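Trainee: sequence first, predicted model second:
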Amino acid sequence: MEKAYVLIGCELGSETELVKKLLDIDRVKDAHVTYGDYDIVVEVETDTERQMDNLITKKIRKLDKIRTTTTLGVVS
C-alpha cells in the first residue's frame, strides 16, 4: 500500500471548490483547506507506486485552478 500527502497551491478563492472535486476522485481519502504556504492538503492511498504516479500526475495536477503540488510519500 502506498500512502502520501499532497500539498496544493491553488488560485485564490478556489479552495472549497477544489476540495469537493478532490474528494470525488477515487483513492483520495481526505482533503482539507489549510492556512500557510499551501492552500489544501490531500491524503491519498493506492496499491502501487504506479497508481500513485497516475493519481497525482493525471488526476490531481490536471484539475483547473491548481498551481503547484508537493507530494510527501509516507515511509511507514
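Mentor: Received, thanks. Residues are numbered from 1 along each chain as shown.
Trainee: name the helices or strands packed onto the longest helix along the chain?
Mentor: As assigned by DSSP state H, the longest helix anywhere in the chain is helix 15-23. Under the contact definition 3 or more CB pairs under 8 Å, 6 or more residues apart in numbering; DSSP states H and E, helix 15-23 sits against strand 28-33, strand 40-46. Backbone N, C-alpha and C define where each C-beta goes, glycine included.
Trainee: what's the most buried one of those?
Mentor: Mean neighbour count (mean count of other CB atoms under 10 Å) peaks for strand 40-46 among these, with a mean of 20.
Trainee: which residues are in contact with the next helix or strand after it?
Mentor: As assigned by DSSP states H and E, the chain's next helix or strand after strand 40-46 is helix 49-54. For helix 49-54, contacts defined as CB atoms under 8 Å, 6 or more residues apart in numbering pick out 2, 4, 27, 44, 46, 73.
Trainee: now tabulate those residues in CSV and tack on pLDDT.
Mentor: CSV is the format used below for the contacts of helix 49-54 (pLDDT from 0 to 100):
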residue, pLDDT
Glu2, 97
Ala4, 99
Arg27, 98
Val44, 99
Thr46, 98
Gly73, 97
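Trainee: ok but Leu12 is inside a strand, no?
Mentor: No. Under DSSP: H, G, I helix; E, B strand; the rest coil, Leu12 falls outside any strand and is assigned coil.
Trainee: tell me who's in contact with it.
Mentor: Contacts of Leu12 (CB under 8 Å, 6+ apart): none.
Trainee: the chain should start at 17 in everything you say after this.
Mentor: Fine by me, first position is 17 from now on; the one you just mentioned is Leu28.
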